[in-house]
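K.L.:
Take a look and give me a structure for this.
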Amino acid sequence: MVWLVNIAGIVLLIFIIWWFWLSRPDIVRSSSSIINIKVADGKYVPAYIEIAKGKEVTLRFQRTDPSPCAEIVRFDDLGVRMELPLNEPRDVHLCIESAGQYGFSCDMKMYQGTLIVK
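P.N.:
Numbers count the residues shown, from 1 in each chain. From the prediction side, this is the model:
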């Protein structure tokens, strides 16, 4: 019986290490100028988006999450803040000239995403 508890503990430890340090988020590489982002269940989907430097892109947010936290999306590094009405698409038009990573979030920073500009 003791060996069963030890094995369960090792499996749990491996899962925790994988979850927090080894798993990588899926990055959506955009080939189109419009990227649809769903705001639901406490997150942005997709949350990691790669775009080309200097190319105009439209991020189309569709909020289905009634949480008050999801009402705003903000790109602090870009000076953009927009209200997201429930069940209505809202477009954010961007053309970023500098490569780097630009975070976006709700006002309370509970919902988070990243634009990767290459």
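
K.L.:
Direction included, what does the helix or strand of the chain with the lowest mean pLDDT pair against?
P.N.:
Counting by mean pLDDT, DSSP states H and E, the chain has its least confident helix or strand at strand 28-29, which shows a mean of 74. Strand 28-29 has its sheet partners listed here by DSSP bridges as strand 48-51 (parallel).

K.L.:
next structured bit after the partner strand?
P.N.:
strand 56-63 (DSSP states H and E).

K.L.:
Tell me the buried residues in that next one?
P.N.:
Residues of strand 56-63 classed as buried by neighbour count (16 or more other CB atoms under 10 Å): 57, 59, 61-63. (C-beta placed from N, C-alpha, C; glycine too.)

K.L.:
Extract the C-alpha set from that strand and format it as PDB.
P.N.:
What follows is strand 56-63 as a C-alpha-only set of coordinates in PDB (Å, rounded to 0.1, in the frame of the first residue of the first chain):
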ATOM      1  CA  GLU A  56      -1.900  46.000 -40.300                       C
ATOM      2  CA  VAL A  57      -4.000  43.400 -38.300                       C
ATOM      3  CA  THR A  58      -7.500  43.400 -36.900                       C
ATOM      4  CA  LEU A  59      -8.100  41.600 -33.600                       C
ATOM      5  CA  ARG A  60     -11.800  40.800 -33.500                       C
ATOM      6  CA  PHE A  61     -12.900  40.100 -29.900                       C
ATOM      7  CA  GLN A  62     -16.100  38.200 -29.300                       C
ATOM      8  CA  ARG A  63     -17.100  38.300 -25.700                       C
END
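
K.L.:
Can you pull the poorly scored residue ranges out of this structure?
P.N.:
In the predicted model of the chain, residues 18-26 satisfy pLDDT under 70.
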